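Asks: Below is the sequence, then the predicted model.
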Amino acid sequence: MKKMMDNMFWVVLVLLGIYVLYSKGIILANFESVSAKVAYEMIENNDEDNLTILDVRTPEEFKTEGRIAGAKLIPVSELNKNLAMLDKSKKVLVYCRSGSRSVHASRILESNGFIPLNMNGGINAWKSEKLPLQ
(Lines give C-alpha, C1' and ligand atoms only; values in the text may rest on other atoms or scores of the structure.)
Protein backbone atom coordinates (compact mmCIF):
# COMPACT_ATOMS: atom_id res chain seq x y z
CA MET A 1 0.00 0.00 0.00
CA LYS A 2 2.82 2.42 0.89
CA LYS A 3 4.58 1.72 -2.41
CA MET A 4 1.38 2.48 -4.30
CA MET A 5 0.98 5.78 -2.40
CA ASP A 6 4.61 6.68 -3.15
CA ASN A 7 4.04 5.96 -6.84
CA MET A 8 0.87 8.06 -6.85
CA PHE A 9 2.76 10.94 -5.24
CA TRP A 10 5.39 10.89 -8.00
CA VAL A 11 2.78 10.60 -10.76
CA VAL A 12 0.90 13.62 -9.36
CA LEU A 13 4.15 15.56 -8.98
CA VAL A 14 5.19 14.84 -12.58
CA LEU A 15 1.74 15.80 -13.90
CA LEU A 16 1.84 19.02 -11.90
CA GLY A 17 5.27 19.81 -13.34
CA ILE A 18 4.02 19.17 -16.87
CA TYR A 19 1.02 21.44 -16.25
CA VAL A 20 3.26 24.27 -14.99
CA LEU A 21 5.60 23.94 -17.98
CA TYR A 22 2.61 23.91 -20.35
CA SER A 23 0.93 26.92 -18.74
CA LYS A 24 4.17 28.93 -19.00
CA GLY A 25 4.53 28.04 -22.69
CA ILE A 26 7.77 26.16 -22.11
CA ILE A 27 6.50 22.89 -23.61
CA LEU A 28 4.03 22.17 -26.40
CA ALA A 29 4.05 25.78 -27.58
CA ASN A 30 3.69 26.42 -31.31
CA PHE A 31 4.74 30.03 -30.90
CA GLU A 32 7.86 31.96 -30.02
CA SER A 33 8.43 33.68 -26.69
CA VAL A 34 10.62 36.76 -26.36
CA SER A 35 12.04 38.77 -23.46
CA ALA A 36 10.84 42.27 -22.66
CA LYS A 37 14.09 43.71 -24.07
CA VAL A 38 13.68 41.84 -27.35
CA ALA A 39 10.02 42.93 -27.51
CA TYR A 40 11.10 46.55 -27.03
CA GLU A 41 13.66 46.25 -29.83
CA MET A 42 11.02 44.72 -32.11
CA ILE A 43 8.66 47.61 -31.41
CA GLU A 44 11.39 50.19 -31.96
CA ASN A 45 12.40 48.58 -35.28
CA ASN A 46 8.83 48.17 -36.56
CA ASP A 47 9.30 50.55 -39.50
CA GLU A 48 7.20 48.44 -41.84
CA ASP A 49 4.24 48.32 -39.44
CA ASN A 50 4.18 44.53 -39.45
CA LEU A 51 3.64 44.09 -35.71
CA THR A 52 0.50 44.40 -33.60
CA ILE A 53 0.97 44.86 -29.85
CA LEU A 54 -1.79 43.06 -27.96
CA ASP A 55 -2.50 43.55 -24.25
CA VAL A 56 -4.70 40.75 -22.90
CA ARG A 57 -5.12 42.09 -19.36
CA THR A 58 -8.37 43.43 -17.94
CA PRO A 59 -9.54 46.97 -18.82
CA GLU A 60 -8.83 48.01 -15.21
CA GLU A 61 -5.22 46.77 -15.40
CA PHE A 62 -4.83 48.46 -18.79
CA LYS A 63 -5.96 51.81 -17.32
CA THR A 64 -4.18 51.75 -13.98
CA GLU A 65 -0.95 49.78 -14.36
CA GLY A 66 0.46 51.38 -17.49
CA ARG A 67 0.72 49.93 -20.96
CA ILE A 68 3.07 49.65 -23.88
CA ALA A 69 2.58 52.51 -26.33
CA GLY A 70 0.35 51.51 -29.23
CA ALA A 71 -1.01 48.41 -27.51
CA LYS A 72 -4.47 47.21 -28.42
CA LEU A 73 -6.54 45.90 -25.49
CA ILE A 74 -8.48 42.68 -25.95
CA PRO A 75 -8.83 40.82 -22.62
CA VAL A 76 -7.98 37.15 -23.00
CA SER A 77 -11.53 36.24 -21.93
CA GLU A 78 -12.86 38.13 -24.98
CA LEU A 79 -10.17 37.19 -27.48
CA ASN A 80 -12.00 34.39 -29.31
CA LYS A 81 -14.94 36.62 -30.19
CA ASN A 82 -12.73 39.58 -31.20
CA LEU A 83 -10.19 37.93 -33.50
CA ALA A 84 -11.51 39.99 -36.42
CA MET A 85 -9.98 43.08 -34.76
CA LEU A 86 -6.52 41.68 -35.56
CA ASP A 87 -4.65 41.42 -38.87
CA LYS A 88 -3.40 37.91 -39.68
CA SER A 89 -0.73 39.34 -41.98
CA LYS A 90 1.05 40.90 -38.97
CA LYS A 91 2.90 39.26 -36.11
CA VAL A 92 1.12 39.77 -32.79
CA LEU A 93 3.24 40.61 -29.74
CA VAL A 94 1.13 39.44 -26.78
CA TYR A 95 1.58 40.48 -23.17
CA CYS A 96 -0.32 40.43 -19.88
CA ARG A 97 0.72 41.16 -16.30
CA SER A 98 3.08 38.25 -15.63
CA GLY A 99 3.06 36.01 -18.69
CA SER A 100 0.41 33.36 -18.00
CA ARG A 101 -2.59 34.90 -19.75
CA SER A 102 -0.43 35.84 -22.72
CA VAL A 103 0.56 32.18 -23.15
CA HIS A 104 -3.13 31.24 -23.20
CA ALA A 105 -3.84 34.07 -25.68
CA SER A 106 -0.88 33.01 -27.85
CA ARG A 107 -2.30 29.49 -28.03
CA ILE A 108 -5.68 30.90 -29.12
CA LEU A 109 -4.04 33.11 -31.75
CA GLU A 110 -1.81 30.35 -33.10
CA SER A 111 -4.75 27.95 -33.43
CA ASN A 112 -6.60 30.61 -35.45
CA GLY A 113 -3.85 31.24 -37.99
CA PHE A 114 -2.03 34.19 -36.38
CA ILE A 115 1.70 34.45 -35.67
CA PRO A 116 1.90 35.25 -31.95
CA LEU A 117 5.02 36.27 -30.05
CA ASN A 118 4.55 35.83 -26.32
CA MET A 119 6.37 38.35 -24.12
CA ASN A 120 7.85 36.41 -21.19
CA GLY A 121 7.10 37.92 -17.79
CA GLY A 122 4.48 40.34 -19.13
CA ILE A 123 4.31 44.00 -18.16
CA ASN A 124 6.08 43.12 -14.89
CA ALA A 125 9.20 42.13 -16.84
CA TRP A 126 8.84 45.28 -18.99
CA LYS A 127 8.74 47.42 -15.84
CA SER A 128 11.68 45.62 -14.26
CA GLU A 129 13.73 46.47 -17.36
CA LYS A 130 12.65 50.11 -16.88
CA LEU A 131 11.25 50.26 -20.41
CA PRO A 132 8.87 53.12 -21.31
CA LEU A 133 5.17 52.92 -20.46
CA GLN A 134 2.22 54.97 -21.51
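Replies: Here it is on my side, so go on.
Asks: Run a quick neighbour tally on the residue nearest to N120 when sequence neighbours are not counted.
Replies: With sequence-adjacent residues excluded and distances taken as C-beta to C-beta, 6 or more residues apart in numbering, N120 is closest to S33, at 5.1 Å. (Each C-beta comes from the backbone N, C-alpha and C, glycine too.) Residues within reach of S33, counting by other C-beta atoms under 10 Å, total 21.
Asks: contacting residues around the most centrally placed residue in the chain?
Replies: Note on the chain: the residue nearest the mean C-alpha position is S102, at 2.1 Å, using C-alpha atoms, centre = their mean. Neighbouring residues of S102 by C-beta atoms under 8 Å, 6 or more residues apart in numbering: 56, 76, 94-96, 118-119, 122.
Asks: now do 6 Å
Replies: Neighbour list for S102: 56, 94-96, 118 [criterion: C-beta atoms under 6 Å, 6 or more residues apart in numbering].
Asks: ok, back up a step: which secondary structure state does the residue nearest to N120 sit in?
Replies: Assigned with DSSP: H, G, I helix; E, B strand; the rest coil, S33 falls in the strand class.
Asks: is it in a bridge, and if so with what?
Replies: As for beta bridges, S33 partners with N118 under DSSP bridges.
Asks: Mind picking out the helix or strand in the protein with the poorest mean pLDDT?
Replies: helix 2-23 (a mean of 72; mean pLDDT, DSSP states H and E).
Asks: just checking, what packs against the helix or strand that contains P116?
Replies: Using DSSP states H and E, P116 maps to strand 115-119. Other helices and strands packing on strand 115-119, by 3 or more C-beta pairs under 6 Å, 6 or more residues apart in numbering; DSSP states H and E, are strand 32-34, strand 91-95, helix 100-111.
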